[in-house]
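# okay, here's the prediction I keep looking at, along with the sequence it came from:
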Amino acid sequence: DDAKKNAALNGFDESKALFIASRAESVLAQELGKYKDEDIPIVALVDPPREGLHADVVRAIRVNDKIKRLVYISCNPSGTLVRDAALLCGPPTKKYPKTPFQPTHNQPVDMFPLTSHCEMVMTFDRIALDGNKE
């Protein structure tokens, strides 16, 4: 509910922003399928647990060309963020086809001062066929 209120305060109604509180591996492919015939770019935001993204989520993101930008919030930047970035940015494979992403921005966030823990927000942009970001 807070995300919807914040979106409304910033000029985004339900036609521009969709919030789903669920396990991504259970709903992502189905939700993305709803937009397969629409000509709209999608910006996806993921905030996975310490275990990182489920393989089905990485696959759903890779196969959906409408996702032009991915914002990944990681609480495990030296572990699962590295693993997931390799899957998102690697060359196409049978399991992870389509055009890969490239990291374009990262920002560490120290939410726990005086500890060694640090969060990382990383932005990935889809690579265009000409090698530039889309």
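Done, it's in. Keep in mind the model is a prediction, meaning the values are calculated, not measured.

# which one in this structure is furthest away from the centre?
residue 114 (28.9 Å; CA atoms, centre = their mean).

# name the SS class of that residue, please.
coil (DSSP: H, G, I helix; E, B strand; the rest coil).

# residues touching the most centrally placed residue in the chain, list them.
Centroid-nearest residue in the chain: residue 70, 3.6 Å away (criterion: CA atoms, centre = their mean). Residues in contact with residue 70 (CB atoms under 8 Å, 6 or more residues apart in numbering) are 43-46, 61, 88, 101, 123-125. For the C-beta atoms, the positions are set from N, CA and C on the backbone; glycine is no exception.

# buried set for stretch 60-70?
60-62, 64, 67-70 (16 or more other CB atoms under 10 Å).

# which SSE is residue 71 in?
strand 67-74 (DSSP states H and E).

# nearest to residue 7 among the buried residues of stretch 60-70?
Nearest to residue 7 among the buried residues of stretch 60-70, counting by CB to CB, is residue 69 at 16.9 Å.

# and the residue nearest to that closest one when sequence neighbours are not counted, what element?
In space, and not counting its chain neighbours, residue 69 is closest to residue 43: 4.5 Å by CB to CB, 6 or more residues apart in numbering. Here residue 43 is covered by strand 42-46, with elements defined by DSSP H and E.

# and that strand, what's its mean pLDDT?
Per-residue pLDDT over strand 42-46 has a mean of 91.

# now the angle between strand 42-46 and whichever helix or strand comes after that strand, please.
Per DSSP H and E, strand 42-46 leads on to helix 55-63 as the next helix or strand towards the C-terminus. Per axes from the mean of the first three to the mean of the last three CA atoms, to 10 degrees, the angle that helix 55-63 makes with strand 42-46 is 160 degrees.

# could we number from 27 for the rest of this?
All right, first residue 27 from here; so that's helix 81-89.

# tell me the mean pLDDT for helix 81-89?
On average, helix 81-89 scores 94.
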